[in-house]
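Chemist: Mind looking at a prediction? Sequence and model below.
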Amino acid sequence: MKRLFLVVTIIFVILVGIFQHSRNSDSDINYERFNLVTPGVLRTPDERFNNIKDYPFSPNYLTIGDTRIHYLDEGPKDGKIIYLLHGEPAWSYLFRKMIPTLTAAGYRVIAPDMVGFGKSDKYISIDDYSHQMHVDKMVQLVRELDLKDVTAHLHDWGGLVGFRVIAEEPERFSRIIASNTSLIAPGRGFLRDLLSYISYPLFKLGIWIQGPATWEEFIGGDGFTAWIRYSRYADNIDVGGIMQTLGNVSDEERVGYEAPYPNATYKAGAQIFPYLIPSELRKNEMAYRGVFEKWNKPFLIANSDNDPVTSNNPRLTEMLKRVPTAKEIVIKGPGHFIQEEAGPEYAQLIIDFINGNPHPFIKDRVVPVMNL
């Protein structure tokens, strides 16, 4: 009986191997039919981005490793560079209300889409996404475009990735403005060093024990943990709903945020991003010690007073004050996505920051009419 079982198992393995070989070697397989550019990598069809609201910008692409990265390159090519890096679950569409103000003032705007977002390629498996992967891709983009004398604007996950990019290439960046974001790290000391090694395994265990969260639990104010539990375990994360909840966007604008995702298969990057937040505390800490605690160039923290992320977690801002040149202002009115609610005003703040004279502003919130 055991011998028969062994023979059947061997035959099964051989047949599976033959099938896989024939499938992978078949030149007639049309990956484009499934929007696959290579096994495991999706590309959103271009027509998904036709006629979305206020996004007339020309696409630019770089192939970095196994993915094609999309980025905007707007304004005069000889203008001083402003680097805009989006967060979760946004893409360069987030900056459409800011770019005209910045380019009209003579600046060159570079705004990439990270892997899994916007017009950039998307891994199908959440296992292909990591904090370090995002950092590596964005570092390579900065190097290949040979960006210098850059003003970096970092928002949300754009901070967690962007600060690490700057730590890899600090000489390319002349100033930093951070809004509603941070670089999360434990700080100095033996116990905190120990914490940097064990926090993420403990965090994952805690999320596993608590299990999935419903959409209602997420938007009901149950804080950071509910957001992680919802995004990590959702079958089809509601990107548009998140932007309307946190970004105060209209139904028409919601379509723009949902454009990169024809279905749930494309959403692995957006799904796993929150779960990765505490994944590299040790590397983040080394970035502080190696670069940011020695930073002698302008650094501005510009949070909004209605942001549920930084308002409910003041330590996020305190972490950034490890930067010796850090200055802080508070923008009154907008929520988490300042770029949506006060795009032109926020763009002017960046210009004023570059010119050495940034001022906070007030912008009344206007809630758009939504179809129910």
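Modeler: Yep, it's here.
Chemist: average pLDDT across the helix or strand hosting Tyr230?
Modeler: Element membership for Tyr230, per DSSP states H and E: helix 223-233. Average pLDDT, helix 223-233: 83.
Chemist: Would you mark the buried spots in that helix?
Modeler: Ala226, Trp227, Ile228, Arg229, Tyr230, Ser231, Arg232, Tyr233 (16 or more other CB atoms under 10 Å). No exception for glycine: its C-beta is placed from N, CA and C like everyone else's.
Chemist: just stretch 189-201 next, same as before
Modeler: Leu195, Ser196, Ser199, Tyr200.
Chemist: circling back to that earlier point, so what's the gap between the helix holding Tyr230 and the chain middle?
Modeler: Chain-centre distance of helix 223-233: 16 Å, with CA atoms, centre = their mean, to the nearest Å.
Chemist: before we move on, what about stretch 188-197?
Modeler: How far stretch 188-197 lies from its chain's middle: 27 Å, per CA atoms, centre = their mean.
Chemist: What about the closest residue to Lys137 other than its chain neighbours, how many residues nearby?
Modeler: Nearest residue to Lys137 in three dimensions, chain neighbours excluded: Ile64, at 5.2 Å (CB to CB, 6 or more residues apart in numbering). As a burial measure, Ile64 scores 19 neighbours (other CB atoms under 10 Å).
Chemist: do Asp73 as well
Modeler: 16.
Chemist: Mind telling me what element it is part of?
Modeler: Going by DSSP H and E, Asp73 is in strand 67-74.
Chemist: How about residues contacting that strand?
Modeler: With contact meaning CB atoms under 8 Å, 6 or more residues apart in numbering, strand 67-74 is reached by 37, 41, 43, 57-63, 92, 95, 99, 102-103, 108-113, 115, 118-121, 123, 137, 141, 145.
Chemist: Now intersect those with the helices, please.
Modeler: Among the contacts of strand 67-74, the members found in helices (DSSP state H) are Ile99, Leu102, Thr103, Lys137, Leu141.
Chemist: Can you turn the buried part of the residues you listed into a ChimeraX selection?
Modeler: Buried residues within these, by 16+ other CB under 10 Å, are selected in ChimeraX with:
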select :99,102,103,137,141
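Chemist: wait, which of the ones in helices among the contacts of strand 67-74 is closest to Gln244?
Modeler: Ile99 (22.1 Å; CB to CB).
Chemist: all strands in this structure, in order from the N-terminus.
Modeler: Residue ranges of the strands in the chain, as given by DSSP state E, are 36-38, 41-42, 60-64, 67-74, 81-85, 108-112, 122-123, 150-155, 173-179, 299-304, 326-331.
Chemist: returning to what we had before: buried sites along the strand holding Asp73?
Modeler: Buried residues in strand 67-74 (16+ other CB under 10 Å): Thr67, Arg68, Ile69, His70, Tyr71, Leu72, Asp73, Glu74.
Chemist: and what of stretch 116-134?
Modeler: 116-124, 126, 128-129, 131, 133-134.
Chemist: List of residues touching it?
Modeler: Contacts of stretch 116-134 (CB under 8 Å, 6+ apart): 37, 40-44, 49, 59, 66-70, 86, 89-93, 112-115, 160-161, 164, 260, 265-266, 268-273, 276, 279-280, 283.
Chemist: Start and end of it, how far apart?
Modeler: Stretch 116-134 has an end-to-end distance of 10 Å (criterion: CA to CA, to the nearest Å).
Chemist: and if you look at stretch 330-348?
Modeler: End-to-end distance for stretch 330-348, by CA to CA: 15 Å.
Chemist: residues of it that come out buried?
Modeler: Buried-residue list, stretch 330-348, by 16+ other CB under 10 Å: 330-331, 333-343, 345-348.
Chemist: Show me which of the buried residues of stretch 116-134 is closest to Thr310.
Modeler: His131 (19.8 Å).
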